[in-house]
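J.: the following comprises the amino acid sequence and a computationally predicted model.
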Amino acid sequence: KNEVEQSPQNLTAQEGEFITINCSYSVGISALHWLQQHPGGGIVSLFMLSSGKKKHGRLIATINIQEKHSSLHITASHPRDSAVYICAARNEKLTFGTGTRLTIIP
Amino acid sequence: EPEVTQTPSHQVTQMGQEVILRCVPISNHLYFYWYRQILGQKVEFLVSFYNNEISEKSEIFDDQFSVERPDGSNFTLKIRSTKLEDSAMYFCATLHPNTEAFFGQGTRLTVV
C-alpha cells in the first residue's frame, strides 16, 4: 500500500511569493500526478511526471525517483492560485495525498 | 480537450434508497475509476474497472456498491441502500497508459 504524504497542509502567502508544496510516497510508482481542486470540488490535472521536471506557465513540478519525493512550485503567486493542490501516486490506480490548501492574499 | 462527464451534479436521497451515479468516460481510455471524498477529507479510491470488469476494489467498496458499463459508453456506480456516511463527493476518473488523469466534475451525494 502506497502512503502519500504532503506538506504543508495549509499555506498562506502574499501575492508574488514563491510557493513550494512537497509530496513524498512510500512505494515505487509509474508516475506522479499533481492536481488542483477548486472550492466547487472539481479536480483538474496539472502535471504528470515520471522523471525530472516539467514547467507550465508559472507552475513547475519536479520529481526525484530515488528519494520518492516531488515538489510543486508556483512562481509569482496570484490570488487566483488559491486552491487545494493534491499529489497522487500512480501505479494501477492513483493514491491521493491529503492535499495542501493554498491561500494567496492580495 | 477530452472530458469526463458526470451526472447528476448533486443528488439528495433518503437513507436506505438506491442511487446510481453516472459517468461518461473518454472514449478511447481503458481504465476507469470511482473515487470519493468525504467533506474535509482526502480523496479515497473505491474501485477500478478495466476490460469490462473490476480490476481492484478498496475496503470501502462493499456489497452495497456495484459498477457497470451497461452500454459501452456510460460507467455507473450504484449504491444499493444508502447510509448517512455515504454522503460525499464522488468522482469518476479515466486513465490511459502514459496520459494525464481526467476527472469528472463530481457528483455531490447527500444522504438524509
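T.: Okay, I see it. Source: prediction; values computed, not measured. Numbers count the residues shown, from 1 in each chain, chains lettered A, B, ... in the order given.
J.: use CA for all of it now, contacts and neighbours both
T.: Fine.
J.: quick one: secondary structure of A:Arg80?
T.: Secondary structure for A:Arg80, judged by DSSP: H, G, I helix; E, B strand; the rest coil, is helix.
J.: just give the nearest non-adjacent residue to it, would you?
T.: Once flanking residues are discounted, A:Arg80 sits nearest to A:Ile104: 7.7 Å by CA to CA, 6 or more residues apart in numbering or on different chains.
J.: count the residues that sit near the one you found.
T.: Around A:Ile104 there are 19 other residues, counting by other CA atoms under 10 Å in any protein chain shown.
J.: touching, A:Gln14 and A:Ile104? I think so.
T.: Yes - A:Gln14 is within contact range of A:Ile104, at 5.5 Å (criterion: CA atoms under 8 Å).
J.: which residues are in contact with each of these two?
T.: Residues touching both A:Gln14 and A:Ile104 by CA atoms under 8 Å, 6 or more residues apart in numbering or on different chains: A:Ser77.
J.: thinking again about what came up before, quick one: the residue nearest to A:Arg80 and A:Ala76 touch, right?
T.: No - counting by CA under 8 Å, A:Ile104 stays clear of A:Ala76, with 10.5 Å between them.
J.: okay, and the common contacts of those two?
T.: Joint contacts of A:Ile104 and A:Ala76 (CA under 8 Å, 6+ apart) are A:Glu15.
J.: check contacts around B:Met83.
T.: Small correction: residue B:83 is Lys, not Met. Taking CA under 8 Å, 6+ apart as the test, what B:Lys83 contacts is B:15-16, B:111.
J.: can you tell me which of these are in strands?
T.: B:Val111 (DSSP state E).
J.: give me the buried entries from the contacts of B:Lys83.
T.: B:Val111 (16 or more other CA atoms under 10 Å in any protein chain shown).
J.: would you mind measuring from A:Ala61 to B:Leu30?
T.: Using CA to CA, to the nearest Å, we find A:Ala61 at a distance of 26 Å from B:Leu30.
J.: and stretch A:97-106, how far out from the chain middle?
T.: Mean-position distance between stretch A:97-106 and its chain equals 10 Å (CA atoms, centre = their mean, to the nearest Å).
J.: any idea how far apart the tips of it sit?
T.: 28 Å.
J.: over to stretch A:11-24?
T.: 17 Å.
J.: average pLDDT across it?
T.: What stretch A:11-24 shows for mean pLDDT is 98.
J.: who touches that stretch?
T.: A:4-8, A:68-79, A:87, A:97, A:100-106.
J.: now, these that are in strands?
T.: A:4-7, A:69-74, A:87, A:100-105.
J.: among the residues you listed, which ones are buried?
T.: A:4-7, A:69-74, A:87, A:100-104.
J.: what's the pLDDT at residue 58?
T.: Chain wasn't specified; assuming chain A. 98.
J.: to clarify, I was referring to chain B.
T.: 94.
J.: just checking, it touches B:Val47?
T.: Yes - judged on CA under 8 Å, B:Ser58 makes contact with B:Val47 at a distance of 6.2 Å.
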